Structures are given as structure tokens and as C-alpha cells.
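Chemist: Quick one: sequence plus predicted model below, questions after.
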Amino acid sequence: MNFNDAHELWSIFRVSVCNQLEHTSTERFRNVWHNDRARTAFYTGDLFPRIASDLKFETFCELFRVDMAMGLLSPAGLIPLVWVESENNSNSASQEVKKLACLSGPLKVLITCDEWDETPGAWRHGGRKTRLLQSWTTILQSHSQLLPTQSLFAILVGEWNNSRSTLRFYGTTLDATGKRIEDDSILMERDIGARN
């Protein structure tokens, strides 16, 4: 793998995300979706370590106060290739987007949860995708003007829709300037029943 090619890295990372989400039991999703800490612990203690293993990467949590870094070991320590920030409140994820935008590496990943689907009738307010993506894109555009990079920014959003009884994970990929490369693919959709 060419680690300088952000598109190649994202492609391989995305396949692993889909595979590992599919191999996570419905019961596991139900258990972690009850509170923010359990969900973050699932991401950093289970899901992302399995993805790192698929990529033959090592993981370190809270490296430089970032939730997780994945990369290769060198004599000097970990060389981060993927930076991951988890924020359960997507409305306050702008801080994580700013942090990721400042870091060097080919792939930056934000994982969050929200009412994302903007299909009419999916949510009373119509979903939050457009507003949040617009805010995060503005941050990336501002940063890229002063700190040009060739990295990609992947946004993973978990959405539990109680009325449909489904859990979905969406993936949206932006280039360093905020231009959409992949728009809102459903990486996983599973019927997991209604929340208690």
C-alpha cells in the first residue's frame, strides 16, 4: 500500500469499517447505544482496534489528546497514518474537526451519531446532515487555505431510527478543501429493534 495515497488508504479503511460493522452483533450495538461512554468505549476499545488489525496497524488512544491514531511503528515510535476523533454530540464536533484539520497524515476520521437521514418523514425536523456538513466543510476550507494538504477527511455517522427500528452507519468523504468525494454511502444498515 502507498501510505501517501489518501484515496487508497481510505478505500482499504472503508472496506474494513464495513466488514467490522457487519461482524458486530446486534446485541453489541444495542448495549453500546445506551450512553455516550459505552459507545466511545466500543469505538476505541473494539471497533477501531479490529480495523487497525485488518490494516496491520498499531493503535494508540489519546495520542496528542486525539482519541485514536493508527499507523506503523518505527524506531522512533508510531507514525500516524489515520487520526480518529469520536464525538457523541455531533453539534459540538466542530472542535474535533478543527483538531483533525491541523494534524498531518493522509486520513482523518470523525465518528459521531445523529439524526442524519434527510428523507422526508425520517425525522420530525428533517435530519441534520446538511447543516452539520456545511459547518464542517467551512472549517476544512478555512484550514486548507493556510495549511494545504492532500489528506482525506472521512465522516462516519451512526443513526438509530427508533421508528424504523434500524441502526445505520453513513460514510461521507471530503478532500482537504471540503469537496465531497463520497457522499453519504450507507456503510451498514441493520434492523435492531426499538430502543428501550
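Modeler: On my side now, so go ahead. Numbering: from 1, shown residues only.
Chemist: What's the first helix or strand after the lowest-mean-pLDDT helix or strand in the chain?
Modeler: Every helix and strand of the chain was ranked by mean pLDDT, DSSP states H and E. The lowest is strand 58-63, at a mean of 85. Using DSSP states H and E, the helix or strand that follows strand 58-63 towards the C-terminus is strand 66-74.
Chemist: I'd like the mean pLDDT over that following strand, please.
Modeler: What strand 66-74 shows for mean pLDDT is 95.
Chemist: now do stretch 39-47
Modeler: 95.
Chemist: now it, how far from the chain's geometric center?
Modeler: Centroid separation for stretch 39-47 versus its chain: 12 Å, with C-alpha atoms, centre = their mean, to the nearest Å.
Chemist: got the end-to-end distance for it?
Modeler: Its start and end residues considered, stretch 39-47 measures 10 Å (C-alpha to C-alpha, to the nearest Å).
Chemist: Contacts for it, please.
Modeler: Under the criterion C-beta atoms under 8 Å, 6 or more residues apart in numbering, residues 20-21, 24, 28, 32-33, 61, 67-68, 84, 86, 88, 111, 113, 158 lie in contact with stretch 39-47. Where C-beta positions appear, they are placed from N, C-alpha and C, glycine not excepted.
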